[in-house]
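sequence first, predicted coordinates after that:
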Amino acid sequence: MSALTPVSRTPVSFYVPVVALAGAFAGLLVGTAQGSSLLGVIGGAILMAAAAYLTTQVVQAERPSRWALIVMGALAGLVIGGIAAALIGAFFGWFFGWFTFWLYEGRYRAYVAPYLTPGQVLWHHTFRMICGAILIFLITPILVVMPLSFNAEDFFTFTPEMLRFDPAGYSLKHYEDFFTNSDWQGALANSVKIAPMATLLSVSFGTLAAIGLSQPHVPFRRAIMAILISPMIVPLIISAAGMYFFYSRIGLQGTYIGVVLAHAALGIPFVIITVTATLVGFDNSLTRAAANMGAGPVTTFFRVQMPLILPGVISGGLFAFITSFDEVVVVLFVGSAGQKTLPWQMFTGLREQISPTILAVATILVILSIALLTVVELLRRRSERLRGMSPA
Amino acid sequence: MKLTKTLLASTALTVASGMAFADGHMASEMTIVSWGGAYSNSQQKAYHDPYMEKTGINIINDESSPEGVAKMRAQAEAGNITWDLVDLEAADAIRVCDEGLAMEIDHDEVLAPAPDGTPASEDFGDMIVSDCFIPQIVFSTTFGYRTDQVADGVEPPKGACDVFDLETYPGKRGLNKQPIANLEWALLCDGVAYEDVYDVLETEEGQDRAFAKLDTIKDQTIFWSSAAEAIQLLADGEVFMSSTYNGRLFSAIEEQGQPIGMAWDWQMFDLDGWVVPADLPEDRLARVMDYLYFATDTQRLADQAKYISYGPARASSAPLVSTHAELGIDMAPHMPTEPSNAENTFVNNYTWWADYRDDLDSKFQAWLTQ
């Protein structure tokens, strides 16, 4: 992206107070961690204001100043609390070096439209900061889990060894436990048996239902639709209790088929919704054209309609799969110990034995989900490119 | 189209493999419900593994004991008993027995006599608190504290009453999120004599007095709902001291090497054991009885103490308790019944709690949210 607005240097009275403000905020974090918030705020503000003034007005060389700030931050961190703190310190140094010159050189103005008022520029950057903060808020719990899964101890605790980056504080034993413990392997096997079957049922029934319900001549379409997607709206615990008593009477409780059926019922709404959405853009004259050329309804479906709505079917299937793979409430009711799935095992593990093996499993699952989503997205792009729906 | 074929082929594969897995309750399986964690592990090693080896019957562990009573009710109501044997605390066992959810048992007929021929009912003695209950272990709810958080020159805490002493032992404390033991401790530490605790607790004023005592530490207390949580809080140093089960503390101290000390004073003894769900079909019942005869004999009960520091419920097992299976340390000093640990103790009055549990549970939960 090229610059939209020519930039000019800003006055000391502008950037030094702003940097001081940011410094006060950083000082608050560091100070609170060290035991005195007030001292941190004042110290951070003075220190960063002084650094900003010195680097821009006295040293006046950007690159060496910024490197110097990184090194000083790292050293300060090292003095306060070891290697981990040094990394954080270096990050602070890098950030303040960048922030100071970003303000001083007026770069913050470069990529926004020239006619914006200062207030609008401020909002532009504040908005981005809020978005970033939300992303961090959403992702941090997952990021905290990952290092903890390499813990050498049997608790969810960052040990002093881990914070010092001492190799003795880390181990793969929880991963080893996952791959060797028969409880976890049994649960994994059950999940792998249940989820694809449930997905298959959801996708078949959900797609058929969506196609049927998109026909204008079907009576009571809205009512049927509402009933079919109700498992998504009714609280899970109510569905679970209902299924428990119903399945018990007809002999499905505690069986593999029972769990698969229950999960399929939960997955169908996702498929219906995504497929219905793709059908909105589907041109019905294509099916008529196919029929005109002698194709039967089944051929038409598999050759014409299915390929076109495939992205919706696949993403619906993906949601159905994840619903089944993640589900713990219904399986606790409908399943018996013989159908213990991964989430069930994690649930009892959390309750009875807080062991980082759960975190190791969580890490593996996160990586699997990322891989799965990436593959699907790549496939989708490939098929779009092949069909010329988007420029390559 | 290629894609369609791939889809169809994978569909067929999934269906075929799905059908292959779809076998029902196998004839040689038994579902045993217990508490999970270190405790289930000790049962696995002391009872399940040798039994499976001996008979070829596959034992499936279900870690649902925390909601055991509710699930037994649901199964009876749905007319679909999927559990074969359930591990419950004494008070819960009395409840399910009263409700007719568990089977009454003639202990002398079903269980093995002691090696010297003493019948089972005498060997277990007072531990048989209900006709449905087959005792397994004596455990205690007691306190652990962080040894590294005791201030210099301060005597480390000795037991339950130190929890209420915020001056000597500042910091957060952990207590179980249920009234059992907490209310008794509150009264004992408020100066009620041991013999009078349950009489006082029966009255409205007595309950108020107990809650008032708990009020003094409420804002410094983290309430845990599973034993693992209590240990996690201690291991994290999140709390200075916490109540939990002595076997969990043993595992954290000796097996995990955590800086935790034991405070045994006013530990609360409790019993844990098996109940058999009522109305099991003939063939499954026969299997369960065979397992029970095997798993509750003198030697097996003593074997369990090799893996966890809970006392065997049979009198004849006590002399056989030896050393820890992996660490090789002597287990006797870690038992709640060891005289030096048992200076001041009280026994959970199961029958009293069976009557008052529901009422006090709701009062306690209401107090928590105040």
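Cool, the structure landed. Everything numeric in this text was worked out from a predicted model, so none of it was measured.

so where do the helices sit in the stretch 51-200 of chain A?
For the stretch 51-200 of chain A, the helices defined by DSSP state H, counting those that start in this stretch cover A:62-104, A:118-148, A:160-163, A:173-180, A:182-213.

again with the stretch 1-150 of chain B
B:2-21, B:37-43, B:49-55, B:68-78, B:90-98, B:107-110, B:120-124.

mean pLDDT lowest for which of the ones you listed?
With a mean of 59, helix B:2-21 has the lowest mean pLDDT of the helices of the stretch 1-150 of chain B.

which stretch among the helices of the stretch 51-200 of chain A comes nearest chain B?
Between chain B and those, the shortest separation by C-beta to the nearest C-beta is 4.2 Å, and it involves helix A:182-213. C-beta coordinates here come from the backbone N, C-alpha and C atoms, glycine included.

residues contacting the next helix or strand after that closest one, please?
Next in sequence after helix A:182-213, counting helices and strands by DSSP states H and E, comes helix A:221-228. Identification of contacts with helix A:221-228 by C-beta atoms under 8 Å, 6 or more residues apart in numbering or on different chains yields A:209, A:213, A:218, A:268-269, A:272.

out of the residues you listed, who has the most neighbours?
Using other C-beta atoms under 10 Å in any protein chain shown as the neighbour criterion, A:Ile268 leads the contacts of helix A:221-228 with 27 neighbours.

so it is in which element?
helix A:256-280.

contacts for the next helix or strand after that helix?
Going down the chain from helix A:256-280, the next helix or strand is helix A:285-292, by DSSP H and E. Helix A:285-292 has contacts (C-beta under 8 Å, 6+ apart) with A:297, A:299-300, A:303-305, A:308.

among the residues you listed, which ones lie close to chain B?
A:Arg303 (C-beta under 8 Å from any C-beta of the partner chain).

chain A contacts on the stretch 201-350 of chain B?
Near chain A, when you scan the stretch 201-350 of chain B using C-beta under 8 Å from any C-beta, you find B:225-229, B:231-232, B:235-236, B:256, B:258.

buried subset of the residues you listed?
Neighbour-count burial within these applies to B:226-229, B:231-232, B:235, B:258; the criterion is 16 or more other C-beta atoms under 10 Å in any protein chain shown.

just the ones of these in helices?
Under the assignment DSSP state H, those contribute B:227-229, B:231-232, B:235 to helices.

okay if I get those as TSV plus distance to B:Glu63 and pLDDT?
Formatted as TSV, these follow (distance: C-beta to C-beta, whole Å; pLDDT from 0 to 100):
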residue	distance to B:Glu63	pLDDT
B:Ala227	12	81
B:Ala228	11	82
B:Glu229	15	87
B:Ile231	16	89
B:Gln232	17	89
B:Ala235	21	88
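
for the chain, which element, helix or strand, carries the lowest mean pLDDT?
Just so you know, I chose chain A. Within chain A, no helix or strand scores below helix A:160-163, which has a mean of 78 by mean pLDDT, DSSP states H and E.

got the residues of the stretch 51-200 of chain B near chain A?
B:60-64, B:66, B:74-75, B:77-80, B:82.

okay if I get those residues as a markdown table plus neighbour count?
Compiled in a markdown table, those are given as follows (neighbours: other C-beta atoms under 10 Å in any protein chain shown):
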| residue | neighbour count |
| --- | --- |
| B:Ile60 | 19 |
| B:Asn61 | 20 |
| B:Asp62 | 26 |
| B:Glu63 | 24 |
| B:Ser64 | 22 |
| B:Pro66 | 16 |
| B:Ala74 | 16 |
| B:Gln75 | 21 |
| B:Glu77 | 12 |
| B:Ala78 | 16 |
| B:Gly79 | 10 |
| B:Asn80 | 18 |
| B:Thr82 | 20 |
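
A:Val7 reaches A:Arg109, doesn't it?
Yes - A:Val7 is in contact with A:Arg109 according to C-beta atoms under 8 Å; the separation is 5.3 Å.

give the bridge partners for B:Asn176, please.
B:Trp224 (DSSP bridges).

list the contacts for it?
With C-beta under 8 Å, 6+ apart, B:Asn176 has these contacts: B:141, B:182, B:223-225, B:230, B:243-244.

among those, which one sits closest to chain A?
The closest of the contacts of B:Asn176, once distances to chain A are taken by C-beta to the nearest C-beta, is B:Ser225, at 7.9 Å.

report pLDDT for that closest one.
84.

wait, it sits on B:Gln232?
No - taking C-beta under 8 Å as the definition, B:Ser225 is not a contact partner of B:Gln232, at 11.9 Å.

which residues touch the residue in the stretch 151-300 of chain A positioned nearest to chain B?
Closest contact between the stretch 151-300 of chain A and chain B, by C-beta to the nearest C-beta, is at A:Ser248 (3.6 Å). A:Ser248 is in contact with B:75, B:78-80, counting by C-beta under 8 Å, 6+ apart.

all set, thanks.
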